[in-house]
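> Next comes the sequence, and after it the predicted model I'd like to discuss.
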Amino acid sequence: MKTAAQVLETFDNIRRAQRAGVYAPHKPLLILLALARVQRDEPRLVEFAAIDGSLQALLAEFGPSGAAKSRHYPFWHLATDGQGSLWDLNGPREMLSRPAGATPNLGELRTHHVQGGFPPQVDEALRKVPGLLEAVAARVLETYFPTTLHADIAAAVGLDLDRPVAHLASEPDVPTYGQTERRRRDPGFRERVLRAYEYRCCVCGFDLRIGQLSAGLEAAHIQWHHVGGPDIEPNGLALCALHHKLFDLGAFTVEPAEHRVIFSQHAMAGERSQQGELRHHGQRLLAPQQVDMRPAPPFLAWNQKNVFKAPARKLEGNRGHSQMG
């Protein structure tokens, strides 16, 4: 059985997309789905066909538009990460002997009953070392997803993250996560963005204070921090907690020409929300104090490509038409 330090190091070595700014949640979502199976004490290996629907739904919900079409890629290619120390495949010999780049299609994985799961030594440690599974899950969430989505993703895959994990840090061989690879966040980013928008949500104008403290107001990255988004005002929006969550879920984005709020056709609403959230569709953001603090086109383009759930709702009347997705 591997030690906690070895298992954590294994998961820290997931191969990432080579190009900067690429949001590729396929592998981390598959890993979280597999961790939930271990937590429920299900068998080590599972057929692709058995989790295909769940993986498809996760990528549709938390991935870029169209991500679900390539959901079989992580199931196959994760086996080559960490020199095979992270994921096992079980299936016909002639299929498993293919070159790494010869990815089977969805039908082949189903027809040949290909199975996948964590290698035995990793699987055993995740089941037997208290808190290790939850620590791995927390690291994956922190590395690949904004904080606003952590609870939703954990719930969607069926993970219980409430069990204690802190005691692992007392083990001498457990590495301190992210000291070398993770970019440090600028602690002044939130204050600068909120000040730029005069302490109000730039979508709905929410500006409640409790004494001198702004309540429920957050600084959102347009291009997410963990995929290279800088901690600067042109990459930030002051949003209330609700609109921050909706923004990170891809329910709306901001078009670059006039900075209008554009909602997705996937954002469904009853009568109350039609008069509430969707009334903001097509309206301009409340502008920041200075022109050079406005949302920058490259960051908005990243958000539209990687987070926004295309296609966009049309703009009516004299406001023109959205050209997104």
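That came through, no problem. These numbers were taken from a predicted model, which means no experiment stands behind them.
> Give the closest residue to Ala238 in space, chain neighbours not counted.
Among residues not flanking Ala238 along the chain, Tyr197 sits closest, at 3.5 Å (CB to CB, 6 or more residues apart in numbering). For every residue, glycine as well, the C-beta is placed using N, CA and C.
> Let me know whether the one you found touches Gln290 as I believe.
No: look at Tyr197 against Gln290 with CB atoms under 8 Å: they stay out of range, at 10.8 Å.
> what about these two, which has more around it?
Applying other CB atoms under 10 Å to Tyr197 and Gln290 shows that Tyr197 carries more neighbours, namely 24 against 9.
> List the residues that contact the more buried one.
Residues near Tyr197 by CB atoms under 8 Å, 6 or more residues apart in numbering: 237-238, 286, 288-289.
> what about Ala219, which SS state?
Counting by DSSP: H, G, I helix; E, B strand; the rest coil, the backbone at Ala219 sits in strand.
> okay but it is in contact with Gly236, surely?
Yes: using CB under 8 Å, Ala219 is in contact with Gly236, at 5.2 Å.
> who's more crowded, these two?
More crowded of Ala219 and Gly236, by other CB under 10 Å: Gly236, with 28 against 21.
> Might you report the residue contacts of that one?
189, 192-193, 196, 219-222.
> For Leu32, state which of these is nearest.
Nearest to Leu32 among these is His221, at 21.5 Å by CB to CB.
> Could I get the pLDDT score of the closest one?
On pLDDT, His221 comes in at 98.
> Tell me which residues touch it, please.
Neighbours of His221 in contact, by CB under 8 Å, 6+ apart: 146, 229, 231, 235-236.
> any idea how far it is from Pro130?
Using CB to CB, to the nearest Å, His221 is found at 34 Å from Pro130.
> Which parts of the protein belong to which domain?
Here the domain parsing of the chain from automatic domain parsing is 4-170, 195-315.
> so where is this structure shaky, pLDDT-wise?
Along the chain, the parts satisfying pLDDT under 70 run over 17-20, 163-183, 271-275, 317-325.
> I figured Leu285 hits Cys201, correct?
No: counting by CB under 8 Å, Leu285 does not reach Cys201; the two are 9.6 Å apart.
> More neighbours: which of these two?
Higher neighbour count among Leu285 and Cys201: Cys201, with 26 against 20, using other CB under 10 Å.
> didn't that one look like it was pressed against Leu239?
Yes: the pair Cys201 / Leu239 is scored as a contact, 5.3 Å apart, by CB under 8 Å.
> So which residues of the chain form strands?
For the chain, the strands defined by DSSP state E occupy 46-47, 88-90, 115-117, 209-210, 213-214, 217-221, 236-240, 252-254, 261-263.
> in the second one, what's buried?
So that's strand 88-90. Across strand 88-90, burial judged by 16 or more other CB atoms under 10 Å covers 88-89.
> Please enumerate the helices of the stretch 151-300 of the chain.
Along the stretch 151-300 of the chain, counting by DSSP state H, counting those that start in this stretch, helices occupy 189-196, 241-248, 271-275, 297-306.
> gap between the residue nearest to Ala238 and Asp207?
Taken as CB to CB, the span from Tyr197 to Asp207 is 9 Å.
> how about Ser214, what does it touch?
Neighbouring residues of Ser214 by CB under 8 Å, 6+ apart: 194, 199, 207-208.
> Among these, which one lies nearest to Gly117?
In terms of CB to CB, no member of the contacts of Ser214 lies closer to Gly117 than Leu194, at 45.0 Å.
> Tell me how many other residues crowd the closest one.
19.
> what's the closest non-adjacent residue to it?
Ala238 (5.1 Å).
> ok, now Phe48?
Sequence neighbours aside, Leu109 is the residue nearest to Phe48 in space, at 4.2 Å (criterion: CB to CB, 6+ apart).
> ok, now Leu149?
Leaving aside its sequence neighbours, Leu149 sits nearest to Asp248 (CB to CB, 6+ apart; 5.7 Å).
> out of the contacts of His221, who has the most neighbours?
Sorting these by how many neighbours each has (other CB under 10 Å) puts Gly236 first, at 28 neighbours.
> hang on, the earlier thing: where do the contact lists of Ala219 and Gly236 overlap?
Taking CB under 8 Å, 6+ apart as the criterion, Ala219 and Gly236 both touch 189, 192-193.
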